[in-house]
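In: coords please:
(one chain, ligands or ions: 1)
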Amino acid sequence: MIQKVLIANRGEIALRIIRTCREMGLATVAVFSTADREALHVRFADEAVCIGPPPSAESYLRPDRIIAACEVTGADAVHPGYGFLSENAEFSAICADNDVHFIGPSAETIRLMGEKSLAKKTMAEAGVPVVGGSDGVLSGIEEGRRVAEDVGFPVMVKAAAGGGGKGMRLVRDPADFERFYKAARNEAEAAFGNGDMYLEKFVDKPRHVEIQVLGDGKGRVVHFGERECSIQRRHQKLVEEAPSPALDDDLRQEMGAAAVRGAEAVEYEGAGTVEFLLGADGGFYFMEMNTRIQVEHPVTEAVTDCDLVEYQIRVAQGETVDDKPRPMKGHAIECRINAENPFRNFSPSPGKITAFHPPGGHGVRVDTHAYADYMIPPHYDSMIAKLIVRGQTREGTIRKMTRALEEFIIEGIDTTIPFHHQLMHDERFRTGDFDTRFMDDFQLAEKAEPVE
Ligand code: MV4
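Out: I've put the predicted structure just below:
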């Protein structure tokens, strides 16, 4: 049994994990960089260990320092959160070698799902729908061109080691194939040190819909419904919601069953997300599997009334999952509040928060590590809070989100609150009529004030 959990992360997710650990009676250890000495995760954990200077590569990304912190504190488990080492197969293996439970899948599963063309092959063999294209990694440009002609243009050339849009090109015109293929490959080589490429037919106007799953590592997997994540900018999600306005009960049932099939095929252990592209015609296709708890997990918690971090810890302790259905009830929306100026192309806005008042009331959850007088360090990502609102209907939830955004006071820095406020009034958002291109032509009005 796990007794002491080291949280190998910072910010709101570190607080989120510490909260559940405390509720479960587990001791907690925070790790922190010297830039995070005053951070709340350090205060809320039972113990805290400094693991180095501010650059992540010298602290939060150092397996040796995290294992050393486990040794000195006697932590018997590590929760990696999201980002940092959460999808690092080697780190999962290092934890196992040091008799520390890694709260997440095995190194083998992380590696398999991190290799996107292999993940796709594995899912296809398990009977999960995939987009037509190359059978695994391409041998080179010639094979690429052949497969592209075969499935028909437009096609997407994607890096096998990629994900999140890096090393990816859309090729509409056969004349561009060689140039775009090389550009994608060079980008992949530079970013991942791996130029392996695969190819698939382009799915036009897709929505990003993902299924939350939980596996016990013994072949049993349950799902917790979907999240709609199409409101993104440069592959960064801005807003997520559950359920998706694009799914009916039949499609939901099919997509959930497909995700469970895929995760069962790899005897998945832990919380995971199966990402799908949903075409305008209702066809859906496996895109990637994320092997971590995700930023947007609270929208699923809100509509299923589950604590996903608690479930992560319980399966890590060897508990099995039951097949009791976990239907979604009502509606939930999450707005990611970033320290960015939405009127200046979402440019970063670090600095000191001089006033901070989070919204409250029924059905309102704020996950944040920010507080008045908190200095946002420039070294880390710009998300400073997640505002999650739940209601009975989508319309009611949008109204409640609007109210909560109006209540949210953050002074001293620019934030994305005015963007979210305007989004809640956008006709296409309100009717649910959007896809992943939504932000390409979303026009922010000049004034941050209510637009009604
Ligand atoms: C695609 C696609 C269209 N067709 N694949 C972007 C990130 C990476 N995970 C996969 N991505 C896409 N793959 C085919 N065959 C369109 C995208 C895509 C996208 C997907 C989800 C959310 C936002 C997106 C924005 C641009 C492109």
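In: Now do the host helix or strand of Glu334, average pLDDT.
Out: Assessed by DSSP states H and E, Glu334 sits inside strand 331-338. For strand 331-338, the mean per-residue pLDDT is 99.
In: need the contact list for the closest residue to Val29 other than its chain neighbours.
Out: Among residues not flanking Val29 along the chain, Leu6 sits closest, at 4.2 Å (CB to CB, 6 or more residues apart in numbering). Yep, even glycine has a C-beta here, placed from its N, CA and C like the rest. Contacts for Leu6 (CB atoms under 8 Å, 6 or more residues apart in numbering) come out as 28-31, 66, 69-70, 73, 75, 77-79, 100.
In: do the same with Lys329
Out: 303-305.
In: Apply 10 Å and report the result again.
Out: Contacts here follow CB atoms under 10 Å, 6 or more residues apart in numbering; on that basis Lys329 touches 225, 243, 302-305, 390, 392.
In: from the contacts of Leu6, which two are the most distant?
Out: Farthest-apart pair in those is Ala30 and Val100; separation 15.8 Å (CB to CB).
In: average model confidence for stretch 97-104?
Out: Average pLDDT, stretch 97-104: 98.
In: How about it, which residues are buried there?
Out: By 16 or more other CB atoms under 10 Å, the buried positions in stretch 97-104 come out as 100-104.
In: Stretch 405-420 now?
Out: Result for stretch 405-420 [16+ other CB under 10 Å]: buried residues 405, 408, 410, 412-420.
In: Ok, stretch 271-289 next?
Out: For stretch 271-289, burial by neighbour count (16+ other CB under 10 Å) applies to 271-279, 284-289.
In: Give me the phi and psi for the residue nearest to Val29.
Out: With angles defined as degrees, to the nearest 10, Leu6 sits at phi -90, psi 130.
In: For it, give its distance to the ligand.
Out: Distance, Leu6 to the ligand, by CB to the nearest ligand atom, to the nearest Å: 30 Å.
In: same thing with Glu334?
Out: Glu334 sits 16 Å away from the ligand, taking CB to the nearest ligand atom as the criterion.
In: what's the neighbour count on that residue?
Out: By the criterion of other CB atoms under 10 Å, Glu334 has 28 neighbours.
In: roughly how far apart are it and Ala259?
Out: Glu334 sits at a distance of 20 Å from Ala259 (criterion: CB to CB, to the nearest Å).
In: quick one: which of the contacts of Lys329 is nearest Glu125?
Out: Gly225 (25.0 Å).
In: What residues does that closest one make contact with?
Out: Shown in contact with Gly225 (CB under 10 Å, 6+ apart): 211-212, 242-244, 247, 252, 255-256, 259, 299-300, 303-304, 325-329.
In: Selecting buried members of the contacts of Lys329 in ChimeraX, what would you type?
Out: The following ChimeraX line selects those of the contacts of Lys329 that are buried, judged by 16+ other CB under 10 Å:
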select :225,243,302,303,304,390
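In: Adding secondary structure and pLDDT as columns, could you present the contacts of Lys329 in JSON lines?
Out: Listed next are those as JSON lines, based on DSSP: H, G, I helix; E, B strand; the rest coil; pLDDT from 0 to 100:
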{"residue": "Gly225", "secondary structure": "strand", "pLDDT": "98"}
{"residue": "Pro243", "secondary structure": "coil", "pLDDT": "98"}
{"residue": "Ala302", "secondary structure": "helix", "pLDDT": "98"}
{"residue": "Val303", "secondary structure": "helix", "pLDDT": "98"}
{"residue": "Thr304", "secondary structure": "helix", "pLDDT": "98"}
{"residue": "Asp305", "secondary structure": "coil", "pLDDT": "97"}
{"residue": "Arg390", "secondary structure": "strand", "pLDDT": "98"}
{"residue": "Gln392", "secondary structure": "coil", "pLDDT": "98"}
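In: farthest pair in the contacts of Lys329?
Out: Greatest spacing in those, by CB to CB: Gly225 and Gln392 (16.1 Å).
In: Could you tell me how far the closest residue to Leu278 other than its chain neighbours is located from Gly330?
Out: Closest residue to Leu278 apart from its sequence neighbours, by CB to CB, 6+ apart: Arg207 at 4.3 Å. According to CB to CB, Arg207 stands 21 Å off from Gly330.
In: Compare those two (neighbour count), which wins?
Out: Each of Arg207 and Gly330 has its neighbours counted (other CB under 10 Å); Arg207 has more, 22 against 18.
In: what residues are up against that one?
Out: Contacts here follow CB under 10 Å, 6+ apart; on that basis Arg207 touches 228-230, 244-247, 276-280, 284, 434-436, 438.
In: What backbone torsions are found at the residue of the chain most remote from its centre?
Out: Most distant residue from the mean C-alpha position of the chain: Ala175, 35.5 Å away (CA atoms, centre = their mean). Ala175 adopts backbone torsions of phi -60, psi -20, taken as degrees, to the nearest 10.
In: just to revisit the earlier point, by contact count, what packs against the strand holding Glu334?
Out: Using 3 or more CB pairs under 10 Å, 6 or more residues apart in numbering; DSSP states H and E as the contact definition, the elements that strand 331-338 packs against are strand 221-233, strand 236-242, helix 297-304, strand 364-368, strand 383-391, helix 394-407, helix 417-425.
In: what pairs with that strand, and is each one parallel or antiparallel?
Out: strand 236-242 (antiparallel), strand 383-391 (antiparallel) (DSSP bridges).
In: Out of the ones you listed, which is closest to the ligand?
Out: strand 236-242 (8.2 Å; CB to the nearest ligand atom).
In: Using CSV, write out every CA atom in the next helix or strand after the closest one.
Out: Next helix or strand after strand 236-242 toward the C-terminus (DSSP H and E): helix 249-265. Provided in CSV are the C-alpha atoms of helix 249-265 (Å, rounded to 0.1, in the frame of the first residue of the first chain):
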residue,chain,number,x,y,z
ASP,A,249,-26.2,8.9,-27.1
ASP,A,250,-25.4,6.4,-29.9
LEU,A,251,-22.2,8.1,-31.0
ARG,A,252,-21.2,8.5,-27.3
GLN,A,253,-21.8,4.8,-26.7
GLU,A,254,-19.7,3.9,-29.8
MET,A,255,-16.8,6.2,-29.1
GLY,A,256,-16.7,5.1,-25.4
ALA,A,257,-16.7,1.5,-26.4
ALA,A,258,-13.9,2.1,-29.0
ALA,A,259,-11.8,3.8,-26.4
VAL,A,260,-12.3,1.0,-23.9
ARG,A,261,-11.4,-1.6,-26.5
GLY,A,262,-8.2,0.2,-27.3
ALA,A,263,-7.1,0.6,-23.7
GLU,A,264,-8.1,-3.0,-22.9
ALA,A,265,-5.9,-4.2,-25.7
